[in-house]
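# Got a predicted structure plus its sequence, pasted below:
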Amino acid sequence: MILMLVVIAILLVVVVWVVGMYNGLVRLRNAVKNAWSQIDVQLKRRHDLIPNLVETAKGYMQHERGTLENVTQARNLAAKASGVGEQAKAETGLSQALSSFFVVAENYPDLKANQNFLALQEELTSTENKIGFARQAYNDQAMQFNNKIEMFPSNIVAGIFNFKAAEFFEIEDAAERAVPKVSFA
């Protein structure tokens, strides 16, 4: 009788432990999903601002159709991307197209003085910063989740319930990783 109570107590402890581990993994997985949705919100804001910026610039930049088309095309690809890896690649392309756009815009003094353009440019800059912070928060959550599913003993529960590692939002372009060169010469 005592042996049976001990076995039942041990089984009860194991069940409580598995339920606790499972719930912890679910909580972390949902935190990763929430962090990704925060990136998604900022990317939507970015995608919504770009057409307004391009339209404002069109009147001034008659000779820069290629640059404007590249920004529009990159925005459309980024808006259609799905999944962390595909989204990261598309957003890198969009960032490069926007950088080229702003370099070309420097050659148009009337455009640089246009209040709508300046306001949109400031909004886009602010959104880029928010995207950076959201990416960092997402990667932090993904790391916590991945650590949990890879570390013993929670890796046992993760394996039983088929939890998969979260993908990191990484920069794929080596040029974006490079340290910018500052020169006053």
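Thanks, I have it. It should be emphasised that the depicted structure is a prediction, and the values quoted were computed from it without experimental measurement. Numbering: from 1, shown residues only.

# Listing request: residues of this protein with sub-threshold pLDDT.
62-63, 112, 171-185 (pLDDT under 70).

# Which helix or strand lies directly C-terminal to whichever helix in it runs longest?
Counting by DSSP state H, the longest helix found in the chain is helix 2-58. Under the assignment DSSP states H and E, the closest C-terminal helix or strand after helix 2-58 is helix 65-80.

# Just the buried positions in that following helix, please.
For helix 65-80, a neighbour-count test (16 or more other C-beta atoms under 10 Å) marks Thr67, Leu68, Asn70, Val71, Ala74, Arg75, Leu77, Ala78, Ala79 as buried. In short, each C-beta sits where N, CA and C put it, glycine included.

# cool, and stretch 126-140?
Thr127, Lys130, Ile131, Ala134, Arg135, Ala137, Tyr138, Asn139.

# swap in stretch 5-22?
Of the residues in stretch 5-22, Met21, Tyr22 count as buried by neighbour count, 16+ other C-beta under 10 Å.

# Report all helices and strands that the helix or strand containing Ser95 contacts.
Using DSSP H and E, Ser95 falls within helix 84-105. If you count contacts as 3 or more C-beta pairs under 8 Å, 6 or more residues apart in numbering; DSSP states H and E, helix 84-105 packs onto helix 2-58, helix 65-80, helix 115-150, helix 174-177.

# 7 Å instead?
Applying 3 or more C-beta pairs under 7 Å, 6 or more residues apart in numbering; DSSP states H and E, one finds that helix 84-105 makes contact with helix 65-80.

# can you list contacts of the helix it packs on?
With contacts defined as C-beta atoms under 7 Å, 6 or more residues apart in numbering, helix 65-80 is touched by 43, 47, 50, 54, 57-58, 61, 90-91, 93-94, 97-98, 100-101, 104.

# which residues are contacting the helix or strand following the helix holding Ser95?
Later in the chain than helix 84-105, the nearest helix or strand by DSSP H and E is helix 109-113. Around helix 109-113, the neighbours that count as contacts under C-beta under 7 Å, 6+ apart are Ala57, Tyr60, Met61, Ala105, Glu106, Phe117.

# Buried residues in helix 109-113, which are they?
Those would be Leu111, for helix 109-113 by 16+ other C-beta under 10 Å.

# hey, C-alpha coordinates of that helix in CSV?
Extracted C-alpha coordinates of helix 109-113, given in CSV (Å, rounded to 0.1, in the frame of the first residue of the first chain):
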residue,chain,number,x,y,z
PRO,A,109,17.1,71.1,-53.2
ASP,A,110,13.4,71.8,-53.8
LEU,A,111,12.5,68.3,-52.6
LYS,A,112,14.7,68.6,-49.5
ALA,A,113,12.9,71.8,-48.6
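
# Perfect, that will be all.
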